[in-house]
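> Sequence and predicted structure below; questions after.
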Amino acid sequence: MTKPAILVLFIFTSLSQAADNLLVTDAWIRNLSSVVPVRAGYMNLSNKGNRDLIIISVESENFSSIETHTSVEKNGMISMRQIDTLSIRAGETLHLKPGGVHLMMMKPLTDLSPGDQVAVTLIFNDESKQTVLMEIRK
């Protein structure tokens, strides 16, 4: 292999997409009555790479939109605040969980029942995508 060919091979192998370095575990959505217009989604996001990962949006055909939120306590009151991105540091795990950072999933477009699987797509700042199956749980 010539030197230019080795250089090209190195460039392509070192530019792995963000989605290749993310391990997603325990992905689930809290089941609520069909009259409630939102759902909350949770998961563990583990960055197995050596660079920070940034998720810029989340989408699913089962919801009209999905936002990322965090729970904030102020003067003894808990409220939610929308956040623009989810950042996962290299070698670390971000836990989306009740009472913390979570997905706010707006207006389900289909009936959902415990045990159902919902496909959700995570979109990274490098435009790579990763689809995750989230289980509906009580």
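That came in fine, so what should we check first?
> Make sure Glu135 is actually in contact with Arg30.
No - using C-beta atoms under 8 Å, Glu135 is not in contact with Arg30; the gap is 10.6 Å. (C-beta placed from N, C-alpha, C; glycine too.)
> Near Arg137, how many other residues are there?
12 (other C-beta atoms under 10 Å).
> show me what contacts it?
Contact partners of Arg137, counting by C-beta atoms under 8 Å, 6 or more residues apart in numbering, are 28-31, 114.
> Find the centremost residue of the chain, please.
What sits nearest the mean C-alpha location of the chain, by C-alpha atoms, centre = their mean, is Leu122, with 5.0 Å.
> Roughly how far does that one sit from Ile55?
Separation of Leu122 from Ile55 (C-beta to C-beta, to the nearest Å): 5 Å.
> How about Ser64?
According to C-beta to C-beta, Ser64 stands 19 Å off from Ile55.
> More neighbours: those two, which one.
Per other C-beta under 10 Å, whichever of Ser64 and Ile55 has more neighbours is Ile55, with 21 against 11.
> Contacts only, for Asn44.
Taking C-beta under 8 Å, 6+ apart, we find Asn44 in contact with 24-26, 93-96.
> Is it within a helix or a strand, and which one?
If you go by DSSP states H and E, Asn44 is part of strand 38-47.
> buried stuff in the helix or strand just after that strand?
For strand 38-47, the following helix or strand on the C-terminal side (DSSP H and E) is strand 53-59. Judged by neighbour count using 16 or more other C-beta atoms under 10 Å, the buried positions of strand 53-59 are 53, 55, 57-58.
> now swap in stretch 97-112 and tell me
Within stretch 97-112, the residues that qualify as buried are 101-105, 108, 112, counting by 16+ other C-beta under 10 Å.
> and the closest residue to Arg51 other than its chain neighbours, how many neighbours?
Among residues not flanking Arg51 along the chain, Ala90 sits closest, at 5.6 Å (C-beta to C-beta, 6 or more residues apart in numbering). Ala90 has 12 neighbours, counted by other C-beta under 10 Å.
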